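Asker: Show me how the following folds:
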Amino acid sequence: MRGLWRTLPLLLMLLGGCAYRAPDVWTKPGVTDVDRERDQRECLAGAIDPTSGYMGPQGHYIHLDRALYETCMARRGYTLSSERQ
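Answerer: Numbers count the residues shown, from 1 in each chain. So this is what the prediction gives:
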């Protein structure tokens, strides 16, 4: 039984590593990082509902309409893709 408690943390770390998923990124041929970041900020600002926020135990929470954000980025010519090759 003692051996189980020693190997359990290792097993949990291994499982956690397997669960990692590379983040999705917005790509557009020929766009600079500065332009992409500007477009992301503008689309995020348009997708935030300022009336739906609330104060939680760890700070202020806001509602982001993810579909609206993704539509905005797609209209600007971006595609969402995984970083994994």
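
Asker: ok, so what distance separates Arg66 from Asp33?
Answerer: For Arg66, the distance to Asp33 equals 22 Å [CB to CB, to the nearest Å]. Quick note: C-beta positions are derived from backbone N, CA and C, even for glycine.

Asker: whoops, I mixed them up, Ala67
Answerer: Distance from Ala67 to Asp33, by CB to CB: 25 Å.

Asker: likewise Thr27?
Answerer: Thr27 is 11 Å from Asp33, where distance means CB to CB.

Asker: neighbour-wise, which of these two wins?
Answerer: Using other CB atoms under 10 Å, the more surrounded residue of Thr27 and Asp33 is Thr27, with 13 against 7.

Asker: Lowest-scoring secondary structure element of this protein by mean pLDDT?
Answerer: Least confident helix or strand of the chain, by mean pLDDT, DSSP states H and E, is helix 2-18 with a mean of 60.

Asker: Need the contact partners of the helix or strand that that one is followed by.
Answerer: Going down the chain from helix 2-18, the next helix or strand is strand 24-27, by DSSP states H and E. If you take CB atoms under 8 Å, 6 or more residues apart in numbering as the criterion, strand 24-27 is touched by 36, 39-40, 73, 78-83.

Asker: Equivalent analysis for stretch 71-85, please.
Answerer: Stretch 71-85 is contacted from outside by 22-28, 31, 36, 39-40, 42-43, 46-47, 70, using CB under 8 Å, 6+ apart.

Asker: Equivalent analysis for stretch 53-61, please.
Answerer: With contact meaning CB under 8 Å, 6+ apart, stretch 53-61 is reached by 62-63.

Asker: Quick one: end-to-end distance for that stretch.
Answerer: One end of stretch 53-61 sits 5 Å from the other (CA to CA, to the nearest Å).

Asker: For the longest strand anywhere in the chain, which strands pair with it and how are they oriented?
Answerer: When the chain is parsed with DSSP state E, its longest strand is strand 48-56. Under the criterion DSSP bridges, strand 48-56 sits next to strand 59-64 (antiparallel) in its sheet.
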